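Enquirer: next comes the sequence, and after it the predicted model I'd like to discuss.
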Amino acid sequence: MNAASLMTSPAAIAVDVERAQEEEARALAELGQGVDERGRNPYGLPALAGDGLIHFGSCTANPVTPALLARHQVLRSATATIAPERYLQLLYGAAQCRLAASGTDAEYSAALAMGDEPFHNVLIDPNEIGSGCARAAAGLAHVRGGPVTAPLALRVELASIALRDARGHALAGDVVDARVIDLVQGLAPRPVLLHHVPCTKTGLAAPSEAACIELQRALGPRLRVVVDASQGRQGHGDVRRWLDLGWAVIVTGSKFRGAPPFCGATLFPEDWPRALGFPIGAGVVARWRLAIDALALEPSRRDWARALEEALLPPLRRLPHFELDGATERQGICSFDLGLDAARTLALHRRLIARGVFIGQPVAAGARRLLRVALGARTETAAAGADLERLADAIRRELAHG
């Protein structure tokens, strides 16, 4: 064989490049199935982010990066893969698992499992959970075309408990517990579906497991508990413990675990009725495979806290109206207020995205609006300092010009 025969012609190379581009486009379309048809999801992220994107927004969503897309292409070509629904069921020892387009959609499965009798659905601070959860928990459609059945809304009465005071500061855990216990006991004898949130948008947890267990013992089968673990910052043992307590668990792969939006699921223990599922597309399955791929990743919280204290917070503390929301970080989430009103905070968040910086969307906390910087499973904590410094500089520059 001569040297010429080993050479690939320019035409053949062009064909290979075209095929690779077509394959990448198909893979990207699959990951984006069920997302905004304009090519941007509701969080303002592009269909495919650039390699230079600074990403500390896993408490809200995760972008599709070239590296994540390449990993998806590897996973989709694997021949011996177990269905995500079955994998999650086996991993956590759940009796049932129902996939959903999002953690908010997963609310419907838990509510429908309450049966045909009217019941109260008790949410924990709608400002601190998914934006559509209040409507979903009330049996109403939170998006056009959502998986809702009209009769559900006719038998649900919604109640909620705030986690913050009028100034936006977090209430003490025992205060929240007492209010939850009083509320739930006052709703009897009608059945109650109580939410336990181990990690809210800003890293709070409420009500305590002890309060839920106390109510469970007092009310017996009239009370069911569903854990809203949509942030995904719990350990595998936590999920198993909740299921052992007889609680349903809502999980997602599209927050801490790094998958793109949207992918949710509801896990059910042995003693719950057969849960209804909803039609899901190939995109949900593809995104769950990416999330499952990251289940073993556990970045160092200690390194993350150190990076926040050394790289992000010193320059932010020099800003005139900066206020940290409690601790440096709660469950990997650092929340802070810049003294801006709701409109200006949202505008700042959008301008940061335009600069190639994505952090958690603003959260309403009384009159304050909290921005969030979050650790994700795929965050390289040892190298996070440089990006956190660039984030602080981007905030400073936008405030100076905005």
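Expert: Cool, got the structure. Numbering: from 1, shown residues only.

Enquirer: so what's the residue lying closest to Asp228 once chain neighbours are set aside bridging to?
Expert: Here the nearest residue to Asp228 in space, its sequence neighbours aside, is Val197; by CB to CB, 6 or more residues apart in numbering that works out to 4.7 Å. Placement of C-beta: from N, CA and C, glycine included. Here Val197 sits in beta bridges with Ala206, as judged by DSSP bridges.

Enquirer: all strands of this structure, in order?
Expert: With DSSP state E as the criterion, the chain has strands at 54-56, 96-100, 119-124, 156-161, 192-196, 223-229, 248-252, 264-268, 323-324, 333-337, 357-365, 368-374.

Enquirer: could you dump those strands into CSV and include mean neighbour count?
Expert: Shown next, in CSV, are those (neighbours: other CB atoms under 10 Å):
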stretch, mean neighbour count
strand 54-56, 22
strand 96-100, 23
strand 119-124, 23
strand 156-161, 17
strand 192-196, 24
strand 223-229, 25
strand 248-252, 27
strand 264-268, 28
strand 323-324, 16
strand 333-337, 26
strand 357-365, 23
strand 368-374, 25
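
Enquirer: quick one, which of the ones you listed is nearest to Ala282?
Expert: Nearest to Ala282, of all the strands of the chain, is strand 96-100, at 11.7 Å by CB to CB.

Enquirer: give me the contacts around the closest one.
Expert: Strand 96-100 is contacted by residues 84-86, 88-89, 106, 108-109, 147, 263-268, 272, 274-278, 280, 284-285, 288 when judged by CB atoms under 8 Å, 6 or more residues apart in numbering.

Enquirer: for the stretch 251-400 of the chain, which spans come out with low pLDDT?
Expert: Scanning the stretch 251-400 of the chain for pLDDT under 70 picks out nothing.

Enquirer: one more time with 90, if that's ok
Expert: Across the stretch 251-400 of the chain, residues meeting the criterion (pLDDT under 90) sit at 261-262, 273-281, 327, 382-383.

Enquirer: and stretch 319-334, which residues are buried?
Expert: Counting neighbours by 16 or more other CB atoms under 10 Å, one finds that the buried residues in stretch 319-334 are 322-325, 329-334.

Enquirer: quick one: contacts of it?
Expert: Among residues not part of stretch 319-334, those counted as contacts by CB under 8 Å, 6+ apart are 59, 170, 199, 201-205, 231, 233, 256, 301, 304-305, 308-309, 312-313, 316-317, 335-340, 360, 365, 368, 370, 372-376, 395-396, 399.

Enquirer: go on, stretch 300-316?
Expert: Under the criterion CB under 8 Å, 6+ apart, residues 322, 324, 328-329, 332, 334, 336, 373, 375, 379, 381-382, 384-386, 388-389, 391-393, 395-396 lie in contact with stretch 300-316.

Enquirer: repeat that for stretch 125-133.
Expert: When contacts are defined by CB under 8 Å, 6+ apart, stretch 125-133 is touched by residues 102-104, 107, 123, 134, 136, 142-143, 160-164, 195, 197, 200-202, 204, 206, 228, 230, 363-365.

Enquirer: follow-up on the earlier one: just the closest of the buried residues of stretch 319-334 to Gln21, please.
Expert: In terms of CB to CB, no member of the buried residues of stretch 319-334 lies closer to Gln21 than Gly332, at 36.5 Å.

Enquirer: tell me the mean pLDDT over stretch 175-186?
Expert: Stretch 175-186 carries an average pLDDT of 98.

Enquirer: how far away from the center of its chain is it?
Expert: Taking CA atoms, centre = their mean, to the nearest Å, one finds the center of stretch 175-186 at 26 Å from the center of the full chain.

Enquirer: would you mark the buried spots in that stretch?
Expert: Burial within stretch 175-186, assessed by neighbour count using 16+ other CB under 10 Å, is assigned to 176-177, 179-181, 183-184.

Enquirer: using a markdown table, please lay out the strands of the chain together with distance to Leu75.
Expert: Written out in a markdown table, the entries for those read as follows (distance: least, CB to CB, whole Å):
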| stretch | distance to Leu75 |
| --- | --- |
| strand 54-56 | 20 |
| strand 96-100 | 16 |
| strand 119-124 | 34 |
| strand 156-161 | 38 |
| strand 192-196 | 32 |
| strand 223-229 | 23 |
| strand 248-252 | 18 |
| strand 264-268 | 18 |
| strand 323-324 | 39 |
| strand 333-337 | 28 |
| strand 357-365 | 23 |
| strand 368-374 | 24 |
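
Enquirer: residues in contact with the residue nearest to Ala67 when sequence neighbours are not counted?
Expert: What sits nearest to Ala67 in space, not counting adjacent residues and going by CB to CB, 6+ apart, is Asp51, at 7.8 Å. Contacts for Asp51 (CB under 8 Å, 6+ apart) come out as 65-67.

Enquirer: so which of those residues sit within helices?
Expert: Among the contacts of Asp51, the subset assigned to helices under DSSP state H consists of 66-67.

Enquirer: and the buried ones among the contacts of Asp51, selectable in PyMOL?
Expert: Restricted to the buried members of the contacts of Asp51, where burial is judged by 16+ other CB under 10 Å, the PyMOL selection command reads as follows:
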select buried, resi 65
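
Enquirer: ok, back up a step: could I get the buried residues of stretch 175-186 as JSON lines with distance to Leu297?
Expert: Formatted as JSON lines, the buried residues of stretch 175-186 follow (distance: CB to CB, whole Å):
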{"residue": "Val176", "distance to Leu297": "31"}
{"residue": "Asp177", "distance to Leu297": "33"}
{"residue": "Arg179", "distance to Leu297": "37"}
{"residue": "Val180", "distance to Leu297": "33"}
{"residue": "Ile181", "distance to Leu297": "37"}
{"residue": "Leu183", "distance to Leu297": "38"}
{"residue": "Val184", "distance to Leu297": "37"}
